[in-house]
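S.K.: Below are the sequence and a predicted model for it; my questions follow.
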Amino acid sequence: MEVALVILVVALALGFDYTNGFHDAANAIATSVSTRALTPRVALAMAAVMNFTGALLGVAVAETIAKSIVDLGHTSTITELTVVVCALVGAITWNLITWWFGLPSSSTHSLIGGLVGAGLAGGLPIFWDAIVDKVVLPMVISPLLGFGLAFVAMIAVLWIFRNAAPARTHRRFRIAQTASAAAMALGHGLQDAQKTMGVIYLALLAVGWANPDDGIPLWVKIAAAAAISAGTYSGGWRIMRTLGRRIIELDPARGFVAESVSALVLYVNAFVLRAPVSTTHTITSAIMGVGATRRLSAVRWGVAKNIAVAWVLTIPAAALVGALVTWALSPFLG
């Protein structure tokens, strides 16, 4: 039974990673595609390569997911693995629902919500202090930081290039967007692929197939990197339209600033704070920040409100699905 559950965890985790890739591919490349800096296929191919590379650059976020959300040390191995399976079902379900409606919600928070809901339903202790420090606070601060930094950086760019020829400036920023989109895709791989690594690592630790002192096995890193890369290449056109055009009509300069600020926020959280922040929240708020420099009314706040509702609902909705599946399976698994 344990072997079957571990295989199921790995399969579901990689499935979640794949949905994360096509759900969040828009995060990295939507602005570059909408400003025609890159064609969609070239942008997706570049994002897939950079996602794969970013996934192999760190493990701090993965270890936070594996060790700082649910305490798996106080129950049977079967229950531990069942909780992880149900958490993944909750996360994947919410990802697919928001993808269907074209809402850029957070795959990170759907996974954490799934773990919390399944853990509570399975009677496991939850590390609430760590969740507040590494999930709730970054969830609130990262969008505000993304909005504020993007707004200030865009004001600086507008002042620096105030006398430059518009056509030449647009052409140069369109070229620069290739680098900023690549940086954003690298940050997406660095943050999001690690969450899948963390879940698989969690299952391997539960059955004693991984040593905490040795860290995450190499095959887990490569498998997670490959899954998110494949998902990214398959594209996420529904969400790309929302980010690239429906919040605000972006020009190359605003696209470049939004991507650059978002990449910076992701790197700081992954390497310095070890916090699993949402790439979706970061880029969406940065797009709103650069858009607000045109005028506040230029941002389509109705679309922004729908996105915010999805953000608020993500953790409880994924937690509810995770809990329901756990309760449904418990009588059969003991």
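M.R.: Done, it's in.
S.K.: got any ranges where the stretch 51-200 of the chain has weak pLDDT?
M.R.: Within the stretch 51-200 of the chain, the segments meeting pLDDT under 70 span 73-74, 102-105.
S.K.: Could I get the full set of helices for it?
M.R.: 60-67, 77-100, 107-121, 128-131, 137-160, 166-188, 194-206 (DSSP state H, counting those that start in this stretch).
S.K.: So for residue 294, which of these sits nearest?
M.R.: Nearest to residue 294 among these is helix 137-160 (9.0 Å), distances taken as CB to CB. In short, each C-beta sits where N, CA and C put it, glycine included.
S.K.: Now the closest one: buried residues?
M.R.: Residues of helix 137-160 classed as buried by neighbour count (16 or more other CB atoms under 10 Å): 138-139, 142-143, 145-147, 149-151, 153-154, 157.
S.K.: Residue 69 versus residue 194, what's the distance?
M.R.: 13 Å (CB to CB, to the nearest Å).
S.K.: more neighbours, those two?
M.R.: residue 194 (32 against 26; other CB atoms under 10 Å).
S.K.: Which of the helices of the stretch 51-200 of the chain has the highest mean neighbour count?
M.R.: Neighbour counts (mean count of other CB atoms under 10 Å) averaged over each of those peak at helix 107-121, with a mean of 29.
S.K.: For that helix, name the packing helices and strands.
M.R.: In terms of contacts (3 or more CB pairs under 8 Å, 6 or more residues apart in numbering; DSSP states H and E), helix 107-121 is packed against helix 2-34, helix 60-67, helix 77-100, helix 194-206, helix 279-292, helix 301-333.
S.K.: and that helix with helix 279-292, angle?
M.R.: On the basis of axes from the mean of the first three to the mean of the last three CA atoms, to 10 degrees, helix 107-121 is oriented at 140 degrees to helix 279-292.
S.K.: Alpha carbons only: can I get helix 107-121 in CSV?
M.R.: The C-alpha atoms that make up helix 107-121 are tabulated as CSV, following Å, rounded to 0.1, in the frame of the first residue of the first chain:
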residue,chain,number,x,y,z
SER,A,107,-0.8,27.7,-7.7
THR,A,108,1.4,28.1,-4.6
HIS,A,109,-1.5,29.0,-2.3
SER,A,110,-3.7,26.2,-3.8
LEU,A,111,-1.0,23.7,-2.8
ILE,A,112,-0.6,25.2,0.6
GLY,A,113,-4.4,25.3,1.1
GLY,A,114,-4.7,21.7,0.0
LEU,A,115,-2.0,20.6,2.5
VAL,A,116,-3.7,22.5,5.4
GLY,A,117,-7.2,21.2,4.6
ALA,A,118,-6.0,17.6,4.1
GLY,A,119,-3.8,17.9,7.2
LEU,A,120,-6.6,19.2,9.4
ALA,A,121,-9.1,16.5,8.1
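S.K.: Distance from the chain centre to it, please.
M.R.: How far helix 107-121 lies from its chain's middle: 14 Å, per CA atoms, centre = their mean, to the nearest Å.
S.K.: Could you check the angle that helix makes with helix 77-100?
M.R.: Going by the same axes, to 10 degrees, helix 107-121 makes 140 degrees with helix 77-100.
S.K.: quick thing: my sequence starts at 832, can you match it?
M.R.: Renumbered: residue one is now 832, and that last one reads helix 938-952.
S.K.: returning to that earlier point: okay if I get the helices of the stretch 882-1031 of the chain as TSV plus distance to residue 844?
M.R.: Shown next, in TSV, are the helices of the stretch 882-1031 of the chain (distance: least, CB to CB, whole Å):
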stretch	distance to residue 844
helix 891-898	11
helix 908-931	6
helix 938-952	9
helix 959-962	20
helix 968-991	22
helix 997-1019	17
helix 1025-1037	5
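S.K.: Residue 1102: which of those helices is closest?
M.R.: helix 891-898 (7.1 Å).
S.K.: Run through who's touching the closest one.
M.R.: With contact meaning CB atoms under 8 Å, 6 or more residues apart in numbering, helix 891-898 is reached by 942-943, 946, 961, 965, 1021-1022, 1025-1026, 1028-1030, 1032-1033, 1036, 1046-1047, 1100-1102, 1105-1107.
S.K.: let's see 6 Å
M.R.: Identification of contacts with helix 891-898 by CB atoms under 6 Å, 6 or more residues apart in numbering yields 965, 1025, 1026, 1028, 1029, 1032, 1033, 1047, 1101, 1105, 1107.
S.K.: Please name the residues that touch the last one.
M.R.: Yep, that's residue 1107 we're talking about. Here residue 1107 is in contact with 892, 895, 939 (CB under 6 Å, 6+ apart).
S.K.: thinking again about what came up before, farthest pair within the contacts of helix 891-898?
M.R.: Of all pairs in the contacts of helix 891-898, the most separated under CB to CB is 1033 and 1101 at 18.8 Å.
S.K.: Name all residues that make contact with residue 1031.
M.R.: Residues counted as contacts of residue 1031 (CB under 6 Å, 6+ apart) are 841, 844, 1051.
S.K.: separation between the second one and residue 1034?
M.R.: If I follow you right, that is residue 844. Taken as CB to CB, the span from residue 844 to residue 1034 is 8 Å.
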